[in-house]
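**Q** need a 3D model of the following:
(one chain, ligands or ions: 1)
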Amino acid sequence: MTVKYNLEQIQKEISERSQKAKRSTQPNVIAVTKYVTIDRAKEAYAAGIRHFGENRVEGFLEKKAALPDDAIMHFIGPLQSRKVKEVVREIDYYHALDRLKIAKEIDKRADHQVKCFVQVNISGESTKHGLELTEVKSFIQSLADYSNIKVVGLMTMAPYTEDEIYIKQIFEKLKKKRDEIQSLNLKHAPCSELSMGMSNDYLLAIEEGASYVRIGTKLVGDKE
Ligand SMILES: *Cc1c(COP(=O)(O)O)cnc(C)c1O
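**A** Residues are numbered from 1 along each chain as shown. Coordinates of the predicted model:
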């Protein structure tokens with residue numbers, strides 16, 4: 001399928017679900033291009049996509065170099081401390097902040113304010129990165145002195161399961177935590193956004209208030 005076709009289907013579903021959930025604004029769709037070629041990423045750009053997500057340094061830099069300048073680049077995976085300097089200048093949004101050490105390194109190496117999502121591991125699966133819900137507030141408070149970091153919101157990955165009620169509970173917990181942090185009115189952490197929802201569960205995430213969905217397989221495809 002062409003990206004254009006997939007995007008049209010996805011956007012139709014998103015519109016319907018947004019209306020049903022009485023949401024006034026629609027989420028931003030990030031095309032996760034980590035499985036696909038540069039040509040496929042360019043095809044996505046031509047189809048109108050402007051948000052791109054990658055989870056590894058090499059792939060991220062490759063896509064960034066190949067796409068036009070107005071592509072908005074999201075780094076969606078964990079970063080190693082020693083790799084930060086290689087990519088941080090090209091990152092518009094970082095979705096996986098969960099360690100002070102990395103925050104410190106981003107702050108030191110960046111030449112602009114990096115918009116960050118703090119990653120939360122709500123299900124407690126040990127294979128997933130991210131903070132526990134109870135750690136989020138103090139972690140975000142401890143970021144106040146890093147002037148190159150702006151906490152725009154929270155991010156999570158739901159477990160891979162058919163249990164929609166369980167998935168929705170996870171997204172709802174993230175939203176509640178977002179509301180709590182937002183109400184603190186921290187200058188460095190407006191925390192108004194929610195990055196949640198992937199190919200398998202983005203419609204559920206939208207019902208629960210996602211403002212960024214990260215879609216790979218269903219939009220641009222998986223390993224070719
Ligand atoms: C790979 C990835 C996605 C996209 O996954 P799909 O299931 O292919 O849509 C979203 N978010 C993160 C953090 C990822 O690593």
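
**Q** what segments of the chain are helices?
**A** Ranges of helices in the chain, per DSSP state H, are 3-20, 38-46, 57-66, 84-87, 100-109, 136-141, 164-182, 202-207.

**Q** which helices and strands does the longest one pack with?
**A** Using 3 or more C-beta pairs under 8 Å, 6 or more residues apart in numbering; DSSP states H and E as the contact test, the elements touching helix 164-182 are helix 136-141, strand 149-156, strand 193-195, helix 202-207. Quick note: C-beta positions are derived from backbone N, CA and C, even for glycine.

**Q** any part of the last one near the ligand?
**A** Pointing back at helix 202-207 there. No. On the criterion C-beta under 6 Å from any ligand atom, helix 202-207 is out of touch with the ligand, staying 7.8 Å away.

**Q** settle this for me: residue 212 is touching residue 32, isn't it.
**A** No. Under the criterion of C-beta atoms under 8 Å, residue 212 makes no contact with residue 32, lying 11.2 Å away.

**Q** return the residues of this protein in contact with the ligand.
**A** 32, 34, 55, 76-77, 157, 198-200, 214-218.

**Q** PyMOL command for the buried members of those residues?
**A** Here is the PyMOL command that selects the buried residues among the residues of the chain next to the ligand (16 or more other C-beta atoms under 10 Å):
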select buried, resi 32+34+55+76+77+157+198+200+214+215+216+218
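
**Q** could you export the helices and strands packed on helix 164-182 as CSV, including mean pLDDT, mean neighbour count and distance to residue 51?
**A** Below are those laid out as CSV (pLDDT from 0 to 100; neighbours: other C-beta atoms under 10 Å; distance: least, C-beta to C-beta, whole Å):
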stretch, mean pLDDT, mean neighbour count, distance to residue 51
helix 136-141, 98, 17, 23
strand 149-156, 98, 24, 13
strand 193-195, 98, 26, 11
helix 202-207, 97, 23, 13
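
**Q** one step back: give me the subset of the residues of the chain next to the ligand lying in strands.
**A** Counting by DSSP state E, the residues of the chain next to the ligand place 32, 214-215 in strands.

**Q** mean confidence for stretch 48-60?
**A** What stretch 48-60 shows for mean pLDDT is 98.

**Q** need the contact partners of it.
**A** 3-4, 7, 28-34, 41, 44-45, 63, 67, 70-77, 79, 83, 86-87, 90-91, 95, 212, 214, 216, 219 (C-beta atoms under 8 Å, 6 or more residues apart in numbering).

**Q** report the buried members of those residues.
**A** 3, 7, 28-34, 41, 44-45, 63, 67, 71, 73-77, 79, 83, 87, 91, 95, 212, 214, 216, 219.
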